[in-house]
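Trainee: this one's sequence-less:
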């Protein structure tokens, strides 16, 4: 526990010193909420909808940090620490190298939760946002989406042969999901052809789940997204456990 | 004398190429042992097999009476390691790297005192990446010493350092020797080996071609200077098998 705390403190400081996550996971979601709130105000999501456009988008915006941490931050840090032989150095200490990975996962989870709170606060303070659904199912769904996206990141970082390939793979995952899954550009305003293409992105499914949970829509309508999240997590975690490269 | 590192009939090959073959090493407590040889002679492979970060094909290794793979957690409370390349995070500061390293062990020395001893205390708040070569290497010795080890592994500690920085590092190592720490090091500098090592092993194409003291090495060769003797031992095809 002493080791975990010290590592968390130091790795957290190093991550903040890097600024990327502060910009992409903390500032960016707040900016998106402000833009959506300013453009759509408290207009209903569609004619006759019981919820506003911003309420509909809340789940989506809350995943921007998960996406940044999961498929950009994690793959980069894992492959970086491998190429710097930091993981290998841990092997000649009494501490398991898996601990430093656990610390990284914890840091990105903290970024995501901080972003969730800030997005909620911004929406509530300035645009009268309310969570229509109940809190616990929403948090459960949020953690499931996080688990699923983070497992993709650890897998990519864990099997990429070098930092260049990890970086390229991270960009290939991050930018399409950030733009087309609905996290920034609302899924609902996309043409239907776009929507069909976006549906194959894992994060799109995660956002559908969070949208339903945040609006309090019946969860049986999002059975497929839930299954997609679970299956992705199971597959990525098993492949990581089997093929993770420590050096 | 008590044996702290015991290696018996260690063999390791990659694909069809033999990296090390039938290496036997026995190091006593407080001894400084130098592992020498050209690039690709098998030094790093030997060290990694001894540390358990690579799996040997055959042979046994025991450090402080323990198997480095089976008793990893227990053994590495008492063993300090410095690898060839620096292994630290990009934006980490000296004191942070020391603090993190200390957190990995149960019993540690006060790294503030160690930094002081190695003339790095005023660099505590500097980024590790901004230290000079000599300062970095001294920091890596500090890191290897944080667990208050009985055995220390140092891989090419002074490669890339200027003459003055190398002398600084030598002085530091002599201090460790006085404390009775067993040191296994690799080096490309024969003056350094002559100054520091009680015994040496010269590897060529993965095999031990000499094991004994520097003096014995010179006596068994037709030369009077150790560097000449070393070149004579390792001479031959002079091929570099980058392994």
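Mentor: In hand now; what should we look at? Because the structure is predicted, anything quoted here is derived from the model rather than measured. Numbering: from 1, shown residues only, chains lettered A, B, ... in the order given.
Trainee: which parts of chain A sit against chain B?
Mentor: By C-beta under 8 Å from any C-beta of the partner chain, the residues of chain A that approach chain B are A:2-3, A:5-7, A:10-11, A:13-14, A:17-18, A:80-81, A:84-86, A:88-95, A:247. For every residue, glycine as well, the C-beta is placed using N, CA and C.
Trainee: quick one: end-to-end distance for stretch B:185-199.
Mentor: End-to-end distance of stretch B:185-199 (C-alpha to C-alpha, to the nearest Å): 11 Å.
Trainee: could you find the closest non-adjacent residue to the residue of chain A positioned farthest from its centre?
Mentor: Distance from the C-alpha centroid of chain A peaks at residue A:92, with 32.8 Å (C-alpha atoms, centre = their mean). Using C-beta to C-beta, 6 or more residues apart in numbering or on different chains and skipping the chain neighbours, the partner closest in space to residue A:92 is residue B:81 (4.2 Å).
Trainee: residues contacting stretch A:233-247, please?
Mentor: Contact with stretch A:233-247 is made by A:82, A:85, A:87-88, A:91, A:97, A:144, A:147-148, A:151-152, A:154-155, A:158-159, A:161, B:53, as judged by C-beta atoms under 8 Å, 6 or more residues apart in numbering or on different chains.
Trainee: one more pass at 7 Å, please.
Mentor: A:82, A:85, A:87-88, A:91, A:97, A:147-148, A:151-152, A:154-155, A:158-159 (C-beta atoms under 7 Å, 6 or more residues apart in numbering or on different chains).
Trainee: tell me the mean pLDDT for that stretch?
Mentor: Taken as a whole, stretch A:233-247 has a mean pLDDT of 92.
Trainee: please name the residues that touch the residue farthest from the centre of chain A.
Mentor: So residue A:92 contacts B:51, B:53, B:76, B:81 (C-beta under 7 Å, 6+ apart).
Trainee: wait, the second one sits on residue A:88?
Mentor: Meaning residue B:53. Yes: counting by C-beta atoms under 7 Å, residue A:88 is a contact partner of residue B:53 at 6.3 Å.
Trainee: how about the helices in the chain?
Mentor: Just going to use chain A. For chain A, the helices defined by DSSP state H occupy A:2-18, A:20-21, A:28-40, A:53-61, A:64-67, A:74-83, A:86-91, A:98-127, A:135-159, A:163-180, A:192-198, A:202-215, A:223-243.
Trainee: my bad, the chain I had in mind was chain B
Mentor: According to DSSP H, the helices that chain B contains are B:43-51, B:72-75, B:94-103, B:111-117, B:133-145, B:163-178, B:190-196, B:214-219, B:226-234.
Trainee: which of those comes out lowest on mean pLDDT?
Mentor: For the helices of chain B, mean pLDDT drops lowest on helix B:163-178, to a mean of 84.
Trainee: show residues contacting that helix.
Mentor: B:32, B:118, B:133-134, B:137-138, B:141, B:152, B:157-158, B:161, B:183, B:192, B:195-196.
Trainee: can you name the two of those that sit furthest apart?
Mentor: Across the contacts of helix B:163-178, the longest distance by C-beta to C-beta is 22.0 Å; it joins B:32 and B:133.
Trainee: up against chain A, what does chain B have?
Mentor: Applying C-beta under 7 Å from any C-beta of the partner chain, one finds that chain B approaches chain A through B:51, B:53, B:73, B:76-77, B:81, B:83, B:85, B:87, B:89, B:91-92, B:96, B:99-100, B:103-105.
Trainee: try it again at 8 Å.
Mentor: B:51-53, B:72-74, B:76-77, B:79, B:81, B:83, B:85-92, B:96, B:99-106, B:147, B:153.
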